Each structure stands twice: as C-alpha cells, then as structure tokens.
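S.K.: sequence plus predicted model, see below.
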Amino acid sequence: MVDRRRQVDEWLTVQEICEHLKVSDQTVRRWIKAGDLPATNLGGKAGYRVRSADLQAFLQQRREGKAAA
C-alpha cells in the first residue's frame, strides 16, 4: 500500500515525461499550456512538475477519447 501511495504522490519533470512517452518537450509544454495536463510551475530553472496521478489520468482520458472516435 505504501508503494501505491508513493506513486500517486510522485512528481515528474517535463523531461521525465518526454522520456517516458517518447515525445518532445514542446509537446508536453503544449499540453500543459492548453490546460490538458495539470502541472505546477516552480519557477526559474526548476520548471514544471506534474503529479504521476495527473499524468495517468491525462493518458487514460486520451485513450478513452480515441476509443470513442
């Protein structure tokens, strides 16, 4: 149970998301700017952070959208 909670609370950088999904940083930043992918801007060089749970919800929503099309 602790491992699941840790995964939900994990924060990912834009670069980590890019590497995981094999997309460019511009793509991830576009999703964030459009409001499709919730993120927190830590400012400066720290940049954005995305909760792992929010990324999973975003991906699930995109999967469901493609299935309906």
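M.R.: Now that the structure is in, tell me what you want to look at. Residues are numbered from 1 along each chain as shown.
S.K.: what is the mean pLDDT for stretch 14-21?
M.R.: Averaging pLDDT along stretch 14-21 gives 98.
S.K.: list the buried ones in it?
M.R.: For stretch 14-21, the buried set under the neighbour-count rule, 16 or more other C-beta atoms under 10 Å, comprises 14, 16, 17, 18. Bear in mind the C-beta positions are built from the backbone N, C-alpha and C, glycine included.
S.K.: would you confirm that the third one contacts residue 28?
M.R.: Yep, that's residue 17 we're talking about. Yes - between residue 17 and residue 28 there is a contact at 5.1 Å, judged by C-beta atoms under 8 Å.
S.K.: follow-up on the earlier one: can I get the buried residues of stretch 14-21 in JSON lines with distance to residue 39 and secondary structure?
M.R.: Formatted as JSON lines, the buried residues of stretch 14-21 follow (distance: C-beta to C-beta, whole Å; DSSP: H, G, I helix; E, B strand; the rest coil):
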{"residue": "14", "distance to residue 39": "8", "secondary structure": "helix"}
{"residue": "16", "distance to residue 39": "12", "secondary structure": "helix"}
{"residue": "17", "distance to residue 39": "9", "secondary structure": "helix"}
{"residue": "18", "distance to residue 39": "13", "secondary structure": "helix"}
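S.K.: make CSV out of those residues and add distance to residue 48.
M.R.: Listed next are the buried residues of stretch 14-21 as CSV, based on distance: C-beta to C-beta, whole Å:
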residue, distance to residue 48
14, 5
16, 11
17, 9
18, 12
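S.K.: nearest to residue 53, of these?
M.R.: Closest to residue 53 out of the buried residues of stretch 14-21 is residue 17 (13.2 Å), distances taken as C-beta to C-beta.
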